[in-house]
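*Asks:* No letters, just coordinates:
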């Protein structure tokens, strides 16, 4: 599993701070430190939630203030959210500890885990010391594992372009949307690129990856995506070869986004919602998102029930003035609706849904030529179980 | 159970048409005919879904065209939605049959049930004939039962004002929102009132009743609320005594709305989401709605888990620029959050949630004096079961 640690000039270290006391006896590491040998150009996207965790507020400020960033320190087990002034002080301390130990600055900070509890700073210090202590020894997989919470597998991605590489890790779990589950993703690359251009690329790639798995609408208090470019490959990205880099970044982020949906709490299937024939991309996105968010559609997918009525009704509620008579709806290769119910063999569609881990739902609005694709997962007993269980 | 049939000048009749063949052997009636002895002033609210069932399109037109309405014909078991031109022809035929049998016109039409199937018009005719045949014999409870689908109990309400009465029935089930489950409600009253004023009252009452149980956002293809006022009491409602009538209507619609939430698919608890201290009513509504729709909040309620972090995060994602430090959150009488985590005994809050069928969640934004209240239900295994089951 290649990823961030395999990109030239980046070192990863992980440590165990027992941030979540209940994991004390497990050997789960919960601290990740990423260091760039040379200061790196940074771009980041943060949650749009009005309630932002302390590390989010801090990192937002640092990314705005500094041209170059030296690294990232992250922990799982505690989100340091809704923790007021003390929470901000603790987030700053995390960065300070890293700066002191590495002699580099500044560091970005990210946290994920339970909301409303203060960080155990003594254990945090121990964990960061261990992580910095084995800088360069942690693999990309170990880096991804250190930020896992209820994730069931580590998420990494790697891209090799002409003369440059991009690596990424992510953690998701939760229903992502409309969930308040935290999504974190750290991406490293050895290209040399202007901050403005890197920000543009991240924004563009994000629209069709993390923002196309319904992470946007109800982002959590901690969601953070950071990309660091340290120029170690001496491959310079300009407006001329921008596309080359954007494709690689998009590839990485789409792969991580897919892994997050696949690992949605209790999920057994990934559904690819393709909306085509829309007047505008914005309208296509609206319709796809409505379908992707509908609990009735998500439960039908779990039940392998080709219940097109729910899909059409969800689409109709998106408020894009679609025309019922023009709608064509397919599940897999089966046409189920064309203005009215199409002639199809329901048992065959049921079989397709039962036998495939990825279900493709295509809705053609026949109003234009714009399209958008959303990823969602099914809605299962297990999801209710995971989220209804009384903490402790 | 008093309701629409107990209002002076209104007659109800129910019949069995076996519209849904699988219910053939049950003795569930599935046709309801309501007749007003004197033509009645009518006001109605219909789904905002772009995909509207044929009966919705037809009734919308009739209500717009005619000052006075003579009755309503409704069926359960088939929604007559996504059925194209033939669906519209069938809806018109339903009205025609009633007009022929009663010698009155016009009739409004409503349907609820499966989407995408054509109505069995032969059986429909038989059912309507039976219903008209026992006009005046059906009780309000029987009227409510005739429009039930997956509802587990009939929903009726009755209000006695000074010299006038209002009766109502409704059917809901489904998660209502973001569900595509159909909500139907028929209200009768013997006041004399101008159409404009009746429309105003219905709209006002709807905002704090059916539109405060998150029925609005993703309305189904069939949602319909109709109120008929036949003036049989000779009580005249004008701008002067408008409030008196509005209070009664609001009372009826709030009662029906509550019953719908209580009967939400798989629901075990009703949660009352009170948002206070907002800048505007619109913002209070936005926040309350976000909380009421969050699957994470709804599953936490099912688990009796006072997980205030999820509630705060949901509120923060409403996009009303709330200020974390000012938020105060209560579950029952327990203060859980006041800028940061409050000092409370979690086991007591858990006990409160476990022992009560109605959970009150109050979020004070401390930004102003506007407030709004939403009703929602919990999210259970049973909900997934009901909606994941493969039809047939």
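*Replies:* That came through, no problem. None of these values were measured; they are calculated from a predicted model.
*Asks:* Was I right to think residue A:292 contacts residue A:377?
*Replies:* No - contact criterion Cβ atoms under 8 Å: residue A:292 and residue A:377 do not qualify, at 9.2 Å. C-beta coordinates here come from the backbone N, C-alpha and C atoms, glycine included.
*Asks:* overlap in contacts of those two?
*Replies:* Contact criterion Cβ atoms under 8 Å, 6 or more residues apart in numbering or on different chains; residues bridging residue A:292 and residue A:377 by contacting each: residue A:271.
*Asks:* measure the closest residue to residue A:161 other than its chain neighbours to residue B:15 for me?
*Replies:* In space, and not counting its chain neighbours, residue A:161 is closest to residue A:248: 4.8 Å by Cβ to Cβ, 6 or more residues apart in numbering or on different chains. For residue A:248, the distance to residue B:15 (Cβ to Cβ, to the nearest Å) stands at 67 Å.
*Asks:* Now for the residue nearest to residue A:161, how many residues are close by?
*Replies:* Burial measure for residue A:248: 23 neighbouring residues, criterion other Cβ atoms under 10 Å in any protein chain shown.
*Asks:* Is it within a helix or a strand, and which one?
*Replies:* helix A:242-262 (DSSP states H and E).
*Asks:* What of residue A:290?
*Replies:* Take DSSP H and E as the rule and residue A:290 turns out to sit in helix A:281-293.
*Asks:* how about the helix or strand following that helix, does it get close to chain B?
*Replies:* Past helix A:281-293, further along toward the C-terminus, the next helix or strand under DSSP H and E is helix A:295-302. Yes - residues of helix A:295-302 contacting chain B under Cβ under 8 Å from any Cβ of the partner chain: A:295-296, A:299-300, A:302.
*Asks:* Give the other helices and strands that helix A:295-302 contacts.
*Replies:* helix A:308-316, helix B:381-388 (3 or more Cβ pairs under 8 Å, 6 or more residues apart in numbering or on different chains; DSSP states H and E).
*Asks:* Which one of these has the poorest average confidence?
*Replies:* Mean pLDDT is lowest for helix B:381-388 out of those, coming in at a mean of 73.
*Asks:* what does the next helix or strand after the helix holding residue A:248 rub up against?
*Replies:* On the C-terminal side of helix A:242-262, the closest following helix or strand by DSSP H and E is strand A:270-278. Taking Cβ under 8 Å, 6+ apart as the criterion, the residues outside strand A:270-278 that touch it are A:258, A:261-262, A:284-285, A:287-288, A:291-292, A:298, A:301, A:315, A:320, A:326, A:328, A:357-378.
*Asks:* mind running it again at 6 Å?
*Replies:* Strand A:270-278 is touched from outside by A:261-262, A:284, A:287-288, A:291-292, A:301, A:358-368, A:370-374, A:376-377, with contacts defined as Cβ atoms under 6 Å, 6 or more residues apart in numbering or on different chains.
*Asks:* For residue A:359, which residues count as its bridge partners?
*Replies:* Applying DSSP bridges to residue A:359 yields these beta-bridge partners: residue A:271.
*Asks:* Could you report the neighbour count for it?
*Replies:* Burial of residue A:359, expressed as a neighbour count using other Cβ under 10 Å, amounts to 21.
*Asks:* Let me know the distance separating it from chain B.
*Replies:* For residue A:359, the distance to chain B under the criterion Cβ to the nearest Cβ, to the nearest Å works out to 14 Å.
*Asks:* give me every residue that touches that residue.
*Replies:* Taking Cβ under 6 Å, 6+ apart as the definition of contact, the neighbours of residue A:359 are A:269, A:271, A:301, A:353.
*Asks:* what's the answer for residue A:349, then?
*Replies:* For residue A:349, the contacting residues are A:306, A:331, A:334, taking Cβ under 6 Å, 6+ apart as the criterion.
*Asks:* Am I right that the first one falls within a helix?
*Replies:* In other words, residue A:306. No - if the criterion is DSSP: H, G, I helix; E, B strand; the rest coil, then residue A:306 is coil and not within a helix.
*Asks:* So for it, what's the nearest residue that isn't a sequence neighbour?
*Replies:* Excluding the flanking residues, the one nearest residue A:306 by Cβ to Cβ, 6+ apart is residue A:349, at 4.0 Å.
*Asks:* Would you report the backbone torsion angles of that neighbour?
*Replies:* Dihedral angles of residue A:349 (phi, psi; degrees, to the nearest 10) stand at phi -70, psi -40.
*Asks:* That one and chain B, how far apart?
*Replies:* Following Cβ to the nearest Cβ, the distance that separates residue A:349 from chain B is 11 Å.
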